[in-house]
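Novice: need the 3D shape of this:
(chains A, B and C)
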Amino acid sequence: MSEVPPGFYLALAGLMFTIGAVGALVRRNAIVIFMFVELMLNAVNLAFVTFARMRGNLDGQVLVFFVLVVAAAEVVVGLAIIVSIFRRRASADVDDVNLLKW
Amino acid sequence: MDLSASLIPGPDYMGLTATIILWPLGTALFLLLFGKRLSTFKVGGREIPWAGVIAVLTLLRSFVAAVAMFVDIVGVELAEGAVGHGGANVENARTFTVHMFDWMQVGGFAVGADFLIDQLSVVLALVVTGVGTLIALYSIGYMHHDPRFHRYFAYLSLFASAMLMLIFGDNLLVTFVGWEGVGLCSYLLIGFWFERPAAATAAKKAFIVNRIGDFSFLLGMFLLVAAVGSLKIEDINAAASGGQISGGIATIAALLLFGGAVGKSAQIPLYVWLPDAMEGPTPASALIHAATMVTAGVYMVARMGPVFLASEGDLALTVVAWVGALTALWAALIACTEYDIKRVLAYSTVSQLGYMFLANGLGAFSGGIFHLITHAFFKALMFMGAGSVMHALANETDMRKMGGLRKVMPITGATFLLGWLAISGIVPFAGFWSKDAILAAAWEQGEYALWGIGLFTALLTAYYMSRLYLRVFEGPLKHDPDVHPHESPWTMWVPLAVLGGLSVVGGAINLPWDLRLEHFLTPVLGEFEVPHGATAWILAGVALCVAVSGIALARFLFLTQRGAELRARLVTGSWLDKLLTASRNKFKVDEVYEATIQRPGHRFAMFSAYKVDAKGIDGVVNGAGALVAWLSDGVRRLQSGYVRNYAALFLLGVVVLLSALILRVGPLG
Amino acid sequence: MSDLRFLDIAIFLPLAGALLIAFLPRSNANLARWAALIVTLATFAVSIGVLVDFEASLGGFQLGSEAVWIKDWGISYITGVDGISLWMVMLTTFLMPLGVLASWSIGERPKAYFALLLALETGMLGVFSSLDLFLFYLFWEVTLVPMYFLIGMWGYGRRIYAAMKFFLFTLVGSLLMLVAIMFMYFATEPNSFSLTDMLATELSSGTQRWLFLGFFASFAVKVPLVPFHTWLPDAHTEAPTAGSVMLAGVLLKMGAYGLLRFAIPLFPDAARYFVPLIIALATIGIVYGAVVAIVQKDLKRLIAYSSVAHLGFVVLGMFVGTVQGMSGGILQMVSHGLSTGALFMLVGMLYERRHTRQIADFGGLGKTIPIFSGIFLFVVLSSIGLPGLNGFVGEFLVLLGTFLNYRWWVVPAAFGVVLAAIYLLWAYQRVFQGPVTDEANARIADVNSREVAMLAPLLVLIVAIGVYPKPFLDRINPAACRVVIQLDPDADCSRIEGVVAPRAHEEDE
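Specialist: This next block holds a predicted model:
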């Protein structure tokens, strides 16, 4: 059974990342942006795993764990912020939250 | 030797010096701190405040100590004579240095709080404490009603202490402490009635003008330290007379020191503060601005005589002599037209100080000191006489509103008469002898121009003093009808009487045929040539004639009908009238100073403060701030507040950085 | 010598006090005041121990301690005082209780105020006793923060502007110094921040010049030398009384102290090279500060500019290369701290009574508050250098020292003495003399006992230094001499520079 070449995985990761980045930039709903960010993180995770496989050591895998933990923490904090904003303004639209400027 | 030992009673100079200088200081402190709580007591129906009594007693105590010192020194002199050491040229064994404590000591430079007791300092201490005591006594009566009575006496005591420190200073720095100390007291006393803007301004002016002189004095001290390595007067004088200071350095040092004297003793060009100083209480003027403080410069120049003598080609002495002579003339010219009784006396003081500097400039240092002493007697007398008149006339100072006062104030009138004759130079009053000694010295040295100026000034002196005396005390009564002049209380006339007596006999300390004062001072001040025989008599006669003509002229102008007509007929626009007007305007010296120094100085200060500092330096500083603000104003627009803008920028940044990295390092791997 | 480490205790006692005050209950403002007063007095008492233990005859630093702090980076905790820093420490601990007393009526957030004041004291004491550059820099910056808040929160009028200006000026200077310190650190083998180690490092004269300029930037701003002085009038004017007292009394001295403790010994060649420049700046400062002071309308600004002039004397004395100048400059630092501190306190009292500092608003106060005006005049006289009071000794020695090496510079410098009389006496006349024109001035109260209590020690010291400076000079001289020799190896402290004629009495012998 032939292996899928690593380039495929990387291409997939790149694709996912691009989708995530574009999505995070163009969408206004905070939750959706959040999901796109997660998509980007997972794209990176995929790339890490691929690289680990290619190099034959565990460094990339270790990093994935870091990313997972950080992502989890980020989700906790980020969702909390979003919920709190939603409670105040009855909206999760990030364009409504633009007071912190010049 | 045994005899000398028995005649020197192991003098406690330390204790005496401390008494003379520190008691007045202590009294001053005491009066400043607690004077307000002191009460009064009654003598003969008059209330006498304790504050005044304490001050008088303190000064009397100092005077007694000074007498003890004097007696002791005379005793040493007698003892030396007895064992054959007499004569002027022996090692001066009558000099004592009292070391109180080390003051400043840094590296090779050291000065102590040291005091020098020799003939000169003792004689001056006698004058200061003696006249000081009399004036303090007088002040009890004069300042009687003042609410700040105790403060006045505190200042007076402080002044005495500072003046004595000046006189006894063993090094120039201790002298300088006294020098500035008397300046401070002068400031405090001129501005005693500081509610009056004129008094406050005059006080400030006196201090600042004196500071200009002190600036010069300071530089002189530095130069002497650099040249001699010490500020001890004996060291400096020894180095100067021993030729260790080059003529050029000595000239500069002497002129710088003289600059200090010019400020303190009100000579051209710094005399302008003294007439204004008359804003102070009259007895203070008598003590500070006539008898003692203003003569400090004369004393200092005499004290530092060897430095002046070491000057290249006698340049320093010549400058001193000419400044003195010209000041004498200049001030006398102004005094001739002044109507304010105190200001006439002030200009007269400036003029007489000029005489003293003339003497110093001729190298006749003891002649200068002689005139200093007699002047202290008669000028203090006349100031207090003027004070007595003001006291009687509700503080009137305008001579035009006075006249015939001798009838209502016989003692004041009579004593003033003595002072008038003394300053005018009438035989045998004190002023005659001292002025004659100076003029004779000028003649003897062939300085005929200086002699001429001095003689002409003597004429003017006799004239303006007669003008003052005759206008105030003779003729018909002229004062306002609602004031009732009266003789002053005994506290005031007793000092007048004592000084009147001294004005008569004061000359006896140095009569031309025995020169007792001069011989006494010779170890310190050296000798000077005076004419002998016929020349001396002729010169004295000429001076006397001049004095009499001055008096006669004034009598003619102010007491006779024809004189009054003559004065009334004085043609407007004639040269005499122009001269008189200029004199009446005091030759506009104050105005010139204001226009050339004060106002440009103020403009410069305004320019510095509000242009250079506020606009220039701060402009740069604030400009730097504004530049940053301007830049950030442009950049801050990037901070839109929209999350996706930041995210896009973030992404862009990552892309740029990564591309840069790849372009630089090449593809990863 | 006792075993107690008085110096180190003195440094950290105020910090402990600050922490203590921070935990006091907010409700009782009096507690904070008294705590601050007691802590500062205790610190002063401890510093008396330093003074007593100090051996004037010993050269070099003493009474300090040495401990490794961060070994890998060559950072140590080294303290110690010599005859120069001893007086700076004493000045600080002496002025501090007075500053607390002067702040007695602070109503707004007294806890924070006094805690900051105490933190400031630790910073200042640390600056004067650190012998490790890292430690020094740390304390140096530590002083900045409390002062910033003292001005910014408890100041007057344009306090924010003043606080910002103070902060930025000082910070720009100290960052340049930091760069120079880092350079020195890496140049020292093995890498170390200790002053002793750095002193042993040889540097080329070109490098020295750059590094000297780095230090100089920081110190010149702090002193301040013209033209880096414009933060001072603003900071002084807007600061609360105690802030002004500390600023003038101690913080400015940190600049001058830094020059002679670090800039000269570390970079002697560069210091020599820049001597003409610094003397020129100092002299300009003397005259310029005085001239600008003449026309100031605000009493505090006037005193601030007088500080510029006085500190000009200090720096002038330090760089003329004679021990007279150096000792005089150091003594002048102490004197200036006392007289200017007293002046700021007096103006603060006036402000509390009349809520104005404008000279034009006053007039005739000598009649309404005679004791106050007497004290004011006394301090003014000390400030204009009346012989017999403290200001004169320092000024005279500085000018003398200047004259011995630089004949002509002394002329403008000495003229500053005349100018001082003009600006201070004119101001005195306008405030205290003349008739009482404003009804508000007729009703104000004379000094109370608290105010007398805080002024009296100053007045006593003003006289003491003027009359008997020997105890001060005896301790300063050996340390001053060491710095002079660092600046000019040919200098000989035991003789007077440039004297040609032998002394008369030596010849007699």
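Novice: give me every residue in chain B lying close to chain A.
Specialist: Contact residues (Cβ under 8 Å from any Cβ of the partner chain) of chain B with chain A: B:636-637, B:639-644, B:647-648, B:651. (Each C-beta comes from the backbone N, C-alpha and C, glycine too.)
Novice: return the member of those nearest to chain A.
Specialist: residue B:641 (3.1 Å; Cβ to the nearest Cβ).
Novice: so how far is residue C:120 from whatever residue of the stretch 51-200 of chain C ends up closest to chain B?
Specialist: Relative to chain B, the nearest point of the stretch 51-200 of chain C is residue C:165 (7.3 Å; Cβ to the nearest Cβ). Per Cβ to Cβ, to the nearest Å, residue C:165 is found 18 Å from residue C:120.
Novice: re earlier: surely the residue of the stretch 51-200 of chain C closest to chain B is in a helix?
Specialist: Yes. Residue C:165: assigned to a helix according to DSSP: H, G, I helix; E, B strand; the rest coil.
Novice: ok, it touching residue C:234?
Specialist: Yes. Using Cβ atoms under 8 Å, residue C:165 is in contact with residue C:234, at 5.4 Å.
Novice: ramachandran coordinates for residue C:76?
Specialist: phi -130, psi 160 (degrees, to the nearest 10).
Novice: what's the pLDDT at it?
Specialist: On pLDDT, residue C:76 comes in at 92.
Novice: buried ones in the helix of greatest length in chain C?
Specialist: Of all segments of type helix in chain C, defined using DSSP state H, the longest is helix C:323-354. For helix C:323-354, a neighbour-count test (16 or more other Cβ atoms under 10 Å in any protein chain shown) marks C:323-351, C:353-354 as buried.
Novice: list the contacts for residue C:170?
Specialist: C:144, C:218, C:221-222, C:231 (Cβ atoms under 8 Å, 6 or more residues apart in numbering or on different chains).
Novice: in JSON lines, list those residues along with secondary structure, distance to chain A and pLDDT.
Specialist: Shown next, in JSON lines, are the contacts of residue C:170 (DSSP: H, G, I helix; E, B strand; the rest coil; distance: Cβ to the nearest Cβ, whole Å; pLDDT from 0 to 100):
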{"residue": "C:144", "secondary structure": "helix", "distance to chain A": "29", "pLDDT": "92"}
{"residue": "C:218", "secondary structure": "helix", "distance to chain A": "34", "pLDDT": "94"}
{"residue": "C:221", "secondary structure": "helix", "distance to chain A": "32", "pLDDT": "94"}
{"residue": "C:222", "secondary structure": "helix", "distance to chain A": "35", "pLDDT": "93"}
{"residue": "C:231", "secondary structure": "helix", "distance to chain A": "28", "pLDDT": "93"}
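Novice: picking that back up, between residue C:165 and residue C:120, point out the one with more neighbours.
Specialist: Taking neighbours as other Cβ atoms under 10 Å in any protein chain shown, residue C:165 and residue C:120 compare with residue C:120 leading, 29 against 23.
Novice: so the more buried one makes contact with residue C:144?
Specialist: No. Look at residue C:120 against residue C:144 with Cβ under 8 Å: they stay out of range, at 9.5 Å.
Novice: helix, strand or coil: sort out the residue in the stretch 351-500 of chain B positioned nearest to chain C for me.
Specialist: Proximity of the stretch 351-500 of chain B to chain C (Cβ to the nearest Cβ) peaks at residue B:395, 17.7 Å away. Assigned with three-state DSSP, residue B:395 falls in the coil class.
Novice: and for it, the neighbour number?
Specialist: Neighbours around residue B:395, by other Cβ under 10 Å: 11.
Novice: same question, residue B:623
Specialist: What residue B:623 shows, counting by other Cβ under 10 Å, is a neighbour count of 10.
Novice: what residues does the stretch 51-200 of chain C put near chain B?
Specialist: So the stretch 51-200 of chain C meets chain B at C:165, C:168-169 (Cβ under 8 Å from any Cβ).
Novice: now do the contacts for the nearest residue to residue C:268 once chain neighbours are set aside.
Specialist: Computed as Cβ to Cβ, 6 or more residues apart in numbering or on different chains, the closest residue to residue C:268 that is not its neighbour in sequence is residue C:486, at 5.2 Å. By Cβ under 8 Å, 6+ apart, the contact list for residue C:486 reads C:264-265, C:268.
Novice: distance check, residue C:486 against residue C:199.
Specialist: 9 Å.
Novice: list residues touching both of these two?
Specialist: In contact with both residue C:486 and residue C:199: residue C:265, using Cβ under 8 Å, 6+ apart.
Novice: next up, the contacts around the nearest residue to residue B:507 once chain neighbours are set aside.
Specialist: Excluding the flanking residues, the one nearest residue B:507 by Cβ to Cβ, 6+ apart is residue B:433, at 3.5 Å. Residue B:433 makes contact with B:370, B:374, B:507, B:510-512 under the criterion Cβ under 8 Å, 6+ apart.
Novice: confirm that residue B:433 sits in a helix.
Specialist: Yes. Counting by three-state DSSP, residue B:433 is found in a helix.
Novice: SS state for residue C:437?
Specialist: On the basis of three-state DSSP, residue C:437 is classed as coil.
Novice: which residues of the stretch 1-150 of chain B lie near chain C?
Specialist: Counting by Cβ under 8 Å from any Cβ, the stretch 1-150 of chain B sits next to chain C at B:32, B:101-109, B:113.
Novice: farthest pair in the residues you listed?
Specialist: Greatest spacing in these, by Cβ to Cβ: B:32 and B:108 (38.4 Å).
Novice: quick check: pLDDT value at residue B:454.
Specialist: Reading off the model, residue B:454 has pLDDT 95.
Novice: so where does it fall, helix or strand?
Specialist: Using DSSP states H and E, residue B:454 maps to helix B:448-473.
Novice: center of chain C, which residue is that?
Specialist: In chain C, the residue lying closest to the centroid (Cα atoms, centre = their mean) is residue C:253, at 2.9 Å.
Novice: where's that residue relative to residue C:311, distance?
Specialist: Distance, residue C:253 to residue C:311, using Cβ to Cβ: 8 Å.
Novice: between the residues of the stretch 51-200 of chain C next to chain B, which is nearest chain A?
Specialist: Distances from chain A to these, taken by Cβ to the nearest Cβ, are shortest for residue C:168, at 21.8 Å.
Novice: residues contacting that closest one?
Specialist: Counted by Cβ under 8 Å, 6+ apart, residue C:168 has contacts residue B:625.
Novice: name the SS class of residue B:114, please.
Specialist: Under three-state DSSP, residue B:114 comes out as strand.
Novice: partner residues bridging it?
Specialist: Per DSSP bridges, the residues bridged to residue B:114 are residue B:99.
Novice: how near is it to chain C?
Specialist: 13 Å (Cβ to the nearest Cβ, to the nearest Å).
Novice: now do the helices in the stretch 551-669 of chain B.
Specialist: B:561-568, B:575-584, B:589-593, B:599-607, B:618-635, B:643-665 (DSSP state H, counting those that start in this stretch).
Novice: next one: the stretch 301-450 of chain B
Specialist: Going by DSSP H, counting those that start in this stretch, the stretch 301-450 of chain B shows helices at B:305-309, B:315-335, B:341-361, B:365-392, B:405-408, B:410-424, B:430-444, B:448-473.
Novice: angle of the helix or strand just after the last one against helix B:410-424?
Specialist: When you say that, I think you mean helix B:448-473. Next in sequence after helix B:448-473, counting helices and strands by DSSP H and E, comes helix B:490-505. For helix B:490-505 against helix B:410-424, the angle by axes from the mean of the first three to the mean of the last three Cα atoms, to 10 degrees is 30 degrees.
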